[in-house]
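*Asks:* Just need the structure, nothing else, for what follows:
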Amino acid sequence: MKRSAPIAVTLAGGMWVLSGCVAAVIPVAAAGVIGKGAAERGQSKPASAPPAVASDPPRPGKVTLLPQGSVLPPPTGGVATAADAAPSGVNAPAGIQYLYGSGEAAAVSVQAWRELVRYVATKASARPADSVVLAAGTTLAAPTFAPCGDKPLAAVFDVDETVLLNLGFEYDAAGGAAFDEARWAAWERTGIGKSAAVPGAAVALEALRTMGVTVVFNTNRSAAHATATEQAIAAAGLGLAKHGDTLFLKGDDGDGSFKDGRRAKIAGRYCVIAMGGDQLGDFSDLFNRGQTPGARRAAAMASPISTKWGAGWFILPNPAYGSALRGTRDEIFPADKRWSPAP
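*Replies:* Numbering: from 1, shown residues only. Here you go, the predicted model:
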C-alpha cells in the first residue's frame, strides 16, 4: 500500500510526526525531559519549563578545592544559606539512582511511551474485536480478553512510577527511612508539586487524547485521597482525571490492592486498546496470586501472554520497589547456571 506523506502535528509538549498508511505518532522534540515506594504510588512537573538559553561552552580555568560541607554562594550572587550546602556525599540505593537519576532510565521510558503511542495509533483505526483486558475467569496459560463491541476507545495506566515519579517521597526514602503506610498516606495528601512526570508520559497522553482515545488511570493510591490524586495528575501536566470516571483507586471495591475488579469495570465501559504499568499486577492479578518469583517470571515469558508485551501491554522500568523485588539467591539463579571460580 502506498505510504502517505508525513504529517507534523504540534502539541503542547512538542512536535510529533504522523506517517505511513496508518498514522504513527513519534515524539520528535519535547520542551525538556518529561520527567512509586512499596505499595503503588504519584506527582508533578513544573507548569512550564524555561526556554533553553544558548551560551558559550565552559572554558578551563583555575579549580579551587573547598573543604567537604562548605557552603557555596548561590548562582545569583546572593547570600549563601544552609540550603546551598554541598551534598552529603551519601549515595542513594542503586535502584533509586537508576530510576530517578539516570539518563538510561529516562531513555527507556521515552522509548516505551513512543512505542505505546505508535501501537495505539495503529489500533485506533482498526477497531479491534477484543480489548487487552483479560476476561473474568480466564487463565494466563489460555487467556481470553474482554470484548470491545462498539464501546469508545481507551488506554489504561497505573499512576506511580508509570506516569508520575514520586521524587519527594523517594528523596526522603533515600535518606534511609523505611517504607511506612502513614508516611505514604501523608505523601498522597501533601506531595503535590514534589514529583515529576515520567519521561515521555505527558506528550504521549496528550497524543492519545488527540486521537480520541480516553486516558484512564487505575492506581493503588487510596480512594480517601481521591481529590489529592486528581490534583497531582493535573499538576504534572498529564491532563484531568475524575474519580469514578477516568480515575480508579484502592478502596473503590472490596478487593484491596488487586486491580482486576477495577479493570473489569473499566473494560465494561471502554474498548481498552493499551495498558501501561511498572508492575505485572498492572496487567493482571494472576501474576501475583501465590506465584513464586520463578513461576511469575515464567508466566510473563510464556506464550501466548508473552506476545502482549509491546503489543497492547507496555511496561516501564522500576528497580526501586514493588512486586518484582522478591526472591532469594537460590530462587533467582537456576542450579545448572551457577558458577564460581576454581579454588
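
*Asks:* Tell me the span between the first and last residue of stretch 301-312.
*Replies:* 15 Å (CA to CA, to the nearest Å).

*Asks:* That stretch: which residues count as buried?
*Replies:* Neighbour counts over stretch 301-312 (16 or more other CB atoms under 10 Å) mark I305, K308, G312 as buried. Any C-beta I mention is one placed from the backbone N, CA and C, and that applies to glycine too.

*Asks:* Mind putting those into CSV with secondary structure and pLDDT?
*Replies:* As requested, these are exported to CSV (DSSP: H, G, I helix; E, B strand; the rest coil; pLDDT from 0 to 100):
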residue, secondary structure, pLDDT
I305, helix, 97
K308, helix, 98
G312, coil, 98
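
*Asks:* for the residues you listed, which one is nearest A92?
*Replies:* K308 (33.0 Å; CB to CB).

*Asks:* which residue packs closest to that closest one, ignoring adjacent ones?
*Replies:* Distance criterion CB to CB, 6 or more residues apart in numbering; nearest residue to K308, sequence neighbours excluded, is V132 at 6.7 Å.

*Asks:* The one you found - that's part of a helix, no?
*Replies:* No: counting by DSSP: H, G, I helix; E, B strand; the rest coil, one finds V132 to be strand, located in no helix.

*Asks:* wait, it sits on G310?
*Replies:* No: taking contacts as CB atoms under 8 Å, V132 lies outside contact range of G310: 11.7 Å.

*Asks:* Give me the mean pLDDT for stretch 124-141.
*Replies:* Averaging pLDDT along stretch 124-141 gives 95.

*Asks:* just the strands in the chain please.
*Replies:* 7-11, 14-19, 24-30, 130-134, 145-147, 153-157, 164-165, 196-197, 214-222, 247-250, 271-277, 313-315 (DSSP state E).

*Asks:* The fifth one pairs with which strands?
*Replies:* Right, the one you point to is strand 145-147. Here strand 145-147 is paired, per DSSP bridges, with strand 130-134 (antiparallel).

*Asks:* before we move on, what about the longest one?
*Replies:* Strand 214-222 has the following sheet partners, assigned by DSSP bridges: strand 153-157 (parallel), strand 247-250 (parallel).

*Asks:* And it, how far out from the chain middle?
*Replies:* 12 Å (CA atoms, centre = their mean, to the nearest Å).

*Asks:* what are the C-alpha coordinates of it, in CSV please?
*Replies:* Output of strand 214-222 as CSV, limited to C-alpha atoms (Å, rounded to 0.1, in the frame of the first residue of the first chain):
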residue,chain,number,x,y,z
THR,A,214,-9.7,8.2,26.6
VAL,A,215,-6.9,8.1,29.2
VAL,A,216,-7.9,6.2,32.3
PHE,A,217,-5.8,5.7,35.5
ASN,A,218,-6.0,2.6,37.7
THR,A,219,-3.9,3.1,40.8
ASN,A,220,-3.5,1.8,44.3
ARG,A,221,-3.5,5.2,45.8
SER,A,222,-6.3,5.5,48.4
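
*Asks:* where does the chain dip in pLDDT?
*Replies:* Applying pLDDT under 70 to the chain flags the ranges 1-88.

*Asks:* could you pull out the helices for it?
*Replies:* 94-101, 103-124, 167-174, 181-190, 201-210, 226-235, 260-269, 293-301, 329-332 (DSSP state H).

*Asks:* Turn these into a markdown table, columns for distance to F157.
*Replies:* Below are those laid out as a markdown table (distance: least, CB to CB, whole Å):
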| stretch | distance to F157 |
| --- | --- |
| helix 94-101 | 17 |
| helix 103-124 | 9 |
| helix 167-174 | 19 |
| helix 181-190 | 17 |
| helix 201-210 | 8 |
| helix 226-235 | 10 |
| helix 260-269 | 11 |
| helix 293-301 | 19 |
| helix 329-332 | 29 |
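
*Asks:* most neighbours per residue, which of these?
*Replies:* When these are scored by mean count of other CB atoms under 10 Å, the highest mean neighbour count falls to helix 201-210 (a mean of 24).

*Asks:* can you give me how far that one is from the chain middle?
*Replies:* 13 Å.

*Asks:* CA-only coordinates of that helix in CSV, if you can.
*Replies:* This file holds the C-alpha atoms of helix 201-210, laid out as CSV (Å, rounded to 0.1, in the frame of the first residue of the first chain):
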residue,chain,number,x,y,z
ALA,A,201,4.4,10.3,29.5
ALA,A,202,2.9,13.8,29.2
VAL,A,203,3.5,14.1,25.5
ALA,A,204,2.2,10.5,24.9
LEU,A,205,-1.0,11.0,26.9
GLU,A,206,-1.7,14.2,25.0
ALA,A,207,-1.2,12.4,21.7
LEU,A,208,-3.6,9.6,22.8
ARG,A,209,-6.3,12.1,23.6
THR,A,210,-5.8,13.9,20.3
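
*Asks:* Would you mind getting the angle between it and strand 214-222?
*Replies:* Angle, helix 201-210 to strand 214-222, by axes from the mean of the first three to the mean of the last three CA atoms, to 10 degrees: 130 degrees.

*Asks:* So which other helices or strands are in contact with helix 201-210?
*Replies:* For helix 201-210, the packing partners by 3 or more CB pairs under 8 Å, 6 or more residues apart in numbering; DSSP states H and E come out as strand 7-11, strand 14-19, strand 24-30, helix 103-124, strand 214-222.

*Asks:* how about 10 Å then?
*Replies:* strand 7-11, strand 14-19, strand 24-30, helix 103-124, strand 153-157, strand 196-197, strand 214-222, strand 271-277 (3 or more CB pairs under 10 Å, 6 or more residues apart in numbering; DSSP states H and E).
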